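Colleague: Build me a structure from this.
(2 chains)
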Amino acid sequence: MSWTVPVLVGLPTVVGAVLLVVRRAPLRNTLVVVASVLVTAASVAAVAVLADRAGDGGAFFGLPGGMTPGYAVLAMDVVLAGTIIGFGVAHRRWFAPLLALAQLGIAGYLELGHHLPHLEADRLFWVDNLSLIMILVIGVVGPLICVHALGYMRDYHRANPMVRGRRTVFFCLLFVFLGAMFGLVITNDLPLMHVFWEVTTLCSFLLIGYTRTTETIGYAFRALNMNMIGGLGFSLAILILAGQRSGVDLARLTAEPVGGLLLAAVALLALAGLTKSAQMPFSDWLIGAMYAPTPTSALLHSSTMVKAGVFLLLRLSPAMTGSTVGTLVAGIGLLTFLFVSAVAITEQNAKKILAYSTIGSLGLVTGCAGVGTAQAVWVGAMIVIFHALAKGLLFLVVGTLENRLHTKDVEYFDTLLSRMPRVSALALVGIAGMFIAPFGVVVAKWAAIRAFLEVPGWTGAAFVVIMAFGSSLTIFYWGKLLIKILSMRAVDPVERALESRVTRFEWVTETTLAVGVVAVTALLAVLSDHVVSPYAAAAFPSGDAAAGVDPVVVGVTLLAVVFLPILAVSAWRRGGFDQADFYAGGRSTRPDHAMGAALGATRSVTLRGYYLDDVVDGALLFRAGSLVCGLALVAMAVVGWVVAA
Amino acid sequence: MTPALLVLVFVVLGPVLGGLLAGADRIVSARMQGRVGPPLLQPFYDVGKLFQKRVRRVNPVAEPLLIGHVVFMALAGVLVIGGGDLIFAMFVLALAALFLVLAAGSADSPYSNVGAERELVVLLASEPFFILMMAAICKVTGESTFSGVMDSPVRVAVELPGALLAFLFVITIKLRKSPFDISTTHHHPHQELVRGLTSDLSGRQLGWVELAHWYECALLAVFVVLFFNWSAPLGILAFVVAYGLEVLVDNSTSRAKWQLVLRSAWAVTLVLAGGNLLALYVVGV
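Modeller: Sure thing, here's the model as predicted:
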């Protein structure tokens, strides 16, 4: 059991280090593919080994031979802070280095002053079913995205010759990041978890700034600043906990509802979770992060890293349930969901739409974690699984489209079904998985409403109202995107040939993820009974049992999920497009989308989606949401201060 | 009646009820306009004829999407009647409506596209209400299924007068009645030639649209019965009155802009339904 940690954390890190010196593309391709298979195999093996013991509260273990990290944690803190300070000085940005210094100061004070109660060597790591879910998400989706990146980055650099290729660094960071993520989700020792936490922050920072233009460096620092605020919260929580009886043991801290100083520490950790998951008022950084190469967005900014935030919040859920802190966290998450869903309606950039939708889904999980019942965290864990698969797939598809169509503007994705039928089918699986599948979102919303109906007092009513409006907003932007993809017209052979240039790496990874989405939908009941329900029951042993899965619900949603992709595939199989012309008010029309105009001219038809500009002001709503959630955060700080005093 | 029997009744009799309503609608509307109007069964003759006509296909995906529209609409009704979760059924209802939007949008022509986008606005405007309505009904009765609510001693309409008022407002949108018929005018009295959503549909494709609409009407009737759960005859009477009001409004107003539809529907939903729900929590149900 103790070997799992060195393998899960060590293997990707070593691969990353090796990739740093591999400059030849064919060798790198082979290495990345082999390493990806190994990482997936390692994660599956780890889950298989741990599965028996992870149920019912989880298993604790240490490093091989009972080793303790000792001063290695502090050494890592020094390296991380040094790196951040170095970049800050180089770019004349002082906020992040300042926060890094503060965190280093806290770590140094605790470690060198011997104020830190170290955990027993065999309690360093903690694996329960939630960790297993995360390990599988990281170990299956992560490597797939790395392989996809091989094809994407080649085309990306062909299309952007001005960007200096630094693919050695790029792939190194992806794998190092995977190692840190594995560490993060199995660690019980908070100072050690903090190190992994900061490594993911740093990887995100470096990957956003990959192209090293003034613009992307600005966004990279924005992400760094906001995540460092959360990191400082994490450090302060450790500082508080160091003086408490429960110590820096995450499992002990979150075993039951807490009060006093412990609740203040939980609030600070929740702050870290909120920043990492880009909840308002910290949502800005994730939108800026969309300027990173698309595999980065898929891996860090939708499937895994931002999930670390909600993972921590789900962990904290039993500790903050019933408290004002829990209610405020839930409020922030649900309001974020509402506001970003409205903003997404006004957005035209495909990656940003996906980013807003990601923030919204994370908001739902945050809401569930804050509400803190067995049923709510059950929903939260389900959303984590479906979102990782479906949103990862959607980002990869957008990456493929971006390299073929040279745009991220959804208005140019119209008639996609005619032009790129196979890519369309994959996109449809992704959208169906996101928005129709169980816990894609539709059923998640339903289950969440069910959970919120049980919340006593006016907050329960407010949560249900927020859900009702927020979920309708998501229907609007997904519906708009579906119209674009499903629309059809006659295309010439040149356009049809676009699809043949999609790389093998992309086909394999995207198809695998699509199969995964459908498989998980079909196996929902198994997943619920054997993985998610035990987790929820263990997290809330006193509460009602988590909801089971209604076979009717599974049947209906499975039908809905496969309907559109099958439709797309059958339309593609039928080939050709020998249909009647569309109606254009009596004017002559052509199947290739032109219509007669005055004086015998022919004009091509351009159709635009609705962005509801006169009713919904995206920028204003974004600021308003940030303000409201910011106020909630201030309230949380006040509550934390009061309970601590 | 057992759930299975109820489901069968809905699948078979739902469209009959919807068709009869459409027929009655046309007669009443005609009388309002000083005409005699068609026979009561005219909608059935019309749809029968639509299914005999040759289809002029604009693309290969529109018709499967329309069949999906009918199937999911019927499924929403089946879920409600057959003992499925009421709130879940609302999401299936929204999904059904979405399929019609996609069928229209897939034509990729100017008129259909405007209709499809506007129907999305209709969905956006009406969907929050239906979710809130069901959540409120489930909250006051403590039940989650149709039979549970019907057997509950709680009188739903008495507890949820705000939601009932909002329902009257929102079904005008859902039935695509004037002044809220922004995506298409669904009813014959308006005599329009180009009808947004359905511009590029023909023959039996239009038949599917009509059939789904009948299911939808039947489902809305079921919702009214849910409000008057203590007395089915009262519920039916309430539905007749409500539908009569809809026809009157339909014939006496002109089409509103989509902005107004969206704003007013959300305001009504938030104030009446949201307020109603909040009040229940405050008094502590």
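
Colleague: Who are the contact partners of the most centrally placed residue in chain A?
Modeller: For chain A, the residue nearest the mean C-alpha position is A:Ser302 (2.7 Å; Cα atoms, centre = their mean). A:Ser302 is in contact with A:354-355, A:358, A:387-388, A:391-392, A:395, counting by Cβ atoms under 8 Å, 6 or more residues apart in numbering or on different chains. Every C-beta, even on glycine, is put in place using the N, C-alpha and C of the backbone.

Colleague: What score does it have for pLDDT?
Modeller: Here, the pLDDT recorded for A:Ser302 equals 85.

Colleague: For my notes, confirm it occurs in a strand.
Modeller: No: membership of A:Ser302 in a strand is not supported by DSSP: H, G, I helix; E, B strand; the rest coil, which gives helix.

Colleague: Other residues contacting stretch A:100-114?
Modeller: Counting by Cβ under 8 Å, 6+ apart, A:71, A:73-74, A:77-78, A:80-81, A:84-85, A:88, A:115-116, A:191, A:194, A:198, A:228, A:231-232, A:235-236, A:238-239, A:242 sit against stretch A:100-114.

Colleague: what do you get if the cut-off is 6 Å, keeping everything else the same?
Modeller: Contacts with stretch A:100-114, where a contact means Cβ atoms under 6 Å, 6 or more residues apart in numbering or on different chains, come from A:74, A:77, A:81, A:84-85, A:116, A:231-232, A:235, A:239, A:242.

Colleague: ok, back up a step: ok, the residue nearest to the centre of chain A to chain B distance?
Modeller: 23 Å (Cβ to the nearest Cβ, to the nearest Å).

Colleague: for A:Asn188, same thing?
Modeller: Taking Cβ to the nearest Cβ, one finds A:Asn188 at 38 Å from chain B.

Colleague: hang on, isn't that residue packed against A:Leu253?
Modeller: No: A:Asn188 lies out of contact with A:Leu253 (Cβ atoms under 6 Å); the separation is 9.8 Å.

Colleague: interface residues of the stretch 1-150 of chain B facing chain A?
Modeller: Contact residues, the stretch 1-150 of chain B versus chain A (Cβ under 6 Å from any Cβ of the partner chain): B:56-61, B:64, B:68, B:84, B:87-88, B:91, B:94-95, B:98, B:101-102, B:105-109, B:111, B:113, B:116-117, B:120, B:123-124, B:127-128, B:131-132, B:135, B:139.

Colleague: repeat that for 7 Å
Modeller: Applying Cβ under 7 Å from any Cβ of the partner chain, one finds that the stretch 1-150 of chain B approaches chain A through B:56-61, B:64, B:68, B:75, B:84, B:87-88, B:91-92, B:94-95, B:98, B:101-102, B:105-111, B:113, B:116-117, B:120-121, B:123-124, B:127-128, B:131-132, B:135, B:138-139.

Colleague: Name the SS class of whichever residue of the stretch 151-285 of chain B sits closest to chain A, please.
Modeller: Nearest residue of the stretch 151-285 of chain B to chain A (Cβ to the nearest Cβ) works out as B:Tyr281 at 4.2 Å. When classified by three-state DSSP, B:Tyr281 comes out as helix.

Colleague: For it, give me the pLDDT.
Modeller: 75.

Colleague: Please report the distance of A:Leu11 from A:Arg23.
Modeller: Distance, A:Leu11 to A:Arg23, by Cβ to Cβ, to the nearest Å: 22 Å.

Colleague: Comparing those two, which residue is more hemmed in?
Modeller: A:Leu11 (20 against 10; other Cβ atoms under 10 Å in any protein chain shown).

Colleague: Setting aside sequence neighbours, what's the nearest residue to the more buried one?
Modeller: Among residues not flanking A:Leu11 along the chain, A:Ala42 sits closest, at 5.7 Å (Cβ to Cβ, 6 or more residues apart in numbering or on different chains).

Colleague: Just give me the neighbour total for the one you found.
Modeller: Neighbour tally, A:Ala42, other Cβ under 10 Å: 20.

Colleague: ok so, going back, out of the contacts of A:Ser302, give me the two with the largest separation.
Modeller: Within these, two members stand farthest from each other by Cβ to Cβ: A:Ala355 and A:Ala388, at 15.1 Å.

Colleague: and the lengthiest helix in chain A, which residues are buried?
Modeller: If you go by DSSP state H, chain A has its longest helix at helix A:374-405. Within helix A:374-405, the residues that count as buried by 16 or more other Cβ atoms under 10 Å in any protein chain shown are A:374-404.

Colleague: Check whether A:Ala350 really touches A:Glu411, as I assumed.
Modeller: No: counting by Cβ atoms under 7 Å, A:Ala350 stays clear of A:Glu411, with 9.8 Å between them.

Colleague: Tell me which of the two has more neighbours.
Modeller: A:Ala350 (27 against 14).

Colleague: check contacts around the more buried one.
Modeller: Applying Cβ atoms under 7 Å, 6 or more residues apart in numbering or on different chains, we find A:Ala350 in contact with A:398, A:408, A:410, A:413.

Colleague: As a check, name the ranges of all helices in the stretch 351-500 of chain A.
Modeller: Residue ranges of the helices in the stretch 351-500 of chain A, as given by DSSP state H, counting those that start in this stretch, are A:374-405, A:416-419, A:421-435, A:442-453, A:457-486, A:493-496.

Colleague: Pipe those helices into CSV and attach mean pLDDT and distance to A:Phe221 per row.
Modeller: Formatted as CSV, the helices of the stretch 351-500 of chain A follow (pLDDT from 0 to 100; distance: least, Cβ to Cβ, whole Å):
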stretch, mean pLDDT, distance to A:Phe221
helix A:374-405, 89, 23
helix A:416-419, 84, 35
helix A:421-435, 86, 30
helix A:442-453, 76, 34
helix A:457-486, 87, 29
helix A:493-496, 79, 40
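
Colleague: now the ones you listed in CSV, with distance to A:Ser542?
Modeller: Formatted as CSV, the helices of the stretch 351-500 of chain A follow (distance: least, Cβ to Cβ, whole Å):
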stretch, distance to A:Ser542
helix A:374-405, 9
helix A:416-419, 50
helix A:421-435, 34
helix A:442-453, 16
helix A:457-486, 19
helix A:493-496, 60
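
Colleague: So which of those is nearest chain B?
Modeller: Judging the helices of the stretch 351-500 of chain A by Cβ to the nearest Cβ, what sits closest to chain B is helix A:457-486, at 3.2 Å.

Colleague: Please identify the buried residues of that closest one?
Modeller: Buried-residue list, helix A:457-486, by 16+ other Cβ under 10 Å: A:459-486.
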